[in-house]
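Novice: Fold the following, please.
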Amino acid sequence: MREELLTILEKNSRIAFNELAVLLGTSEEEVLKELTKLEQEGIICGYHTLINWEKTSIEKVTALIEVKVTPQRGQGFDKIAERLYNYPEVRAVYLISGGYDLLITLEEKSLKEIAGFVSDKLSTLESVLSTATHFILKKYKDHGTIYNTPKNDEREVITP
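Specialist: Residues are numbered from 1 along each chain as shown. Below you'll find the predicted structure:
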């Protein structure tokens, strides 16, 4: 039940308890009990809403920043990652393989604000060796959700 419950919730965290119970073949009480355990164990870390900001009047710029760092003795990358994820504008921090060590997802109102974060906060950290910034120009799919599904042309075809 646990894996199936998590899979359903990952796709739709707003699903009603009674629907979950039906899909899982159990009672609402059992679903609530299992959800509480998953939250207490830190398996479910939060519930989020995915927003297509392009359809609003709110300006948002998302950047992916690759960071090469010198890991700290005895702490590896964890202490550096902790320092980075505590900045409120940082949306995510990942330890990655390849030419860089960390990947940061950052959201701001403008390119200038992102550049300011990189130059004033990120690049000034003594453990940071180099960075590479990439801007998200358009989102097609995020967290398994397709943003703009192509609309079918429902006009009738007229041939001579």
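Novice: Centre-most residue in this structure?
Specialist: Geometric centre of the chain, nearest residue: A92, 6.4 Å, by CA atoms, centre = their mean.
Novice: Need the three-state assignment for that one.
Specialist: strand (DSSP: H, G, I helix; E, B strand; the rest coil).
Novice: so who does W53 touch?
Specialist: K60 (CB atoms under 8 Å, 6 or more residues apart in numbering). C-beta coordinates here come from the backbone N, C-alpha and C atoms, glycine included.
Novice: ok, now how distant is it from Y94?
Specialist: Going from W53 to Y94 by CB to CB, to the nearest Å gives 21 Å.
Novice: same check, this time on K109
Specialist: As judged by CB to CB, K109 and Y94 stand 23 Å apart.
Novice: Check which helix or strand I80 maps to.
Specialist: For I80, the element it lies in under DSSP states H and E is helix 78-85.
Novice: Show me what that helix is in contact with.
Specialist: By CB under 8 Å, 6+ apart, helix 78-85 touches 67, 69, 71-72, 90, 92-93, 95, 102, 104, 122, 125, 127-128.
Novice: so where is this structure shaky, pLDDT-wise?
Specialist: 150, 153 (pLDDT under 70).
Novice: Do you have the helices of it handy? List them.
Specialist: In the chain, the segments counted as helices under DSSP state H are 2-11, 17-24, 28-40, 78-85, 111-116.
Novice: what about the third one, distance to the chain center?
Specialist: Between the mean C-alpha location of helix 28-40 and the chain-wide mean there is a distance of 24 Å, by CA atoms, centre = their mean, to the nearest Å.
Novice: Could you export it as CSV, CA atoms only?
Specialist: Extracted as CSV, the C-alpha positions of helix 28-40 are listed here (Å, rounded to 0.1, in the frame of the first residue of the first chain):
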residue,chain,number,x,y,z
GLU,A,28,-10.0,6.3,5.1
GLU,A,29,-8.8,5.7,8.6
GLU,A,30,-6.0,3.4,7.3
VAL,A,31,-5.0,6.0,4.7
LEU,A,32,-4.9,8.8,7.3
LYS,A,33,-2.8,6.6,9.6
GLU,A,34,-0.3,5.7,6.8
LEU,A,35,-0.1,9.4,5.7
THR,A,36,0.7,10.4,9.3
LYS,A,37,3.4,7.8,9.5
LEU,A,38,4.9,8.8,6.2
GLU,A,39,5.0,12.4,7.3
GLN,A,40,6.5,11.6,10.7
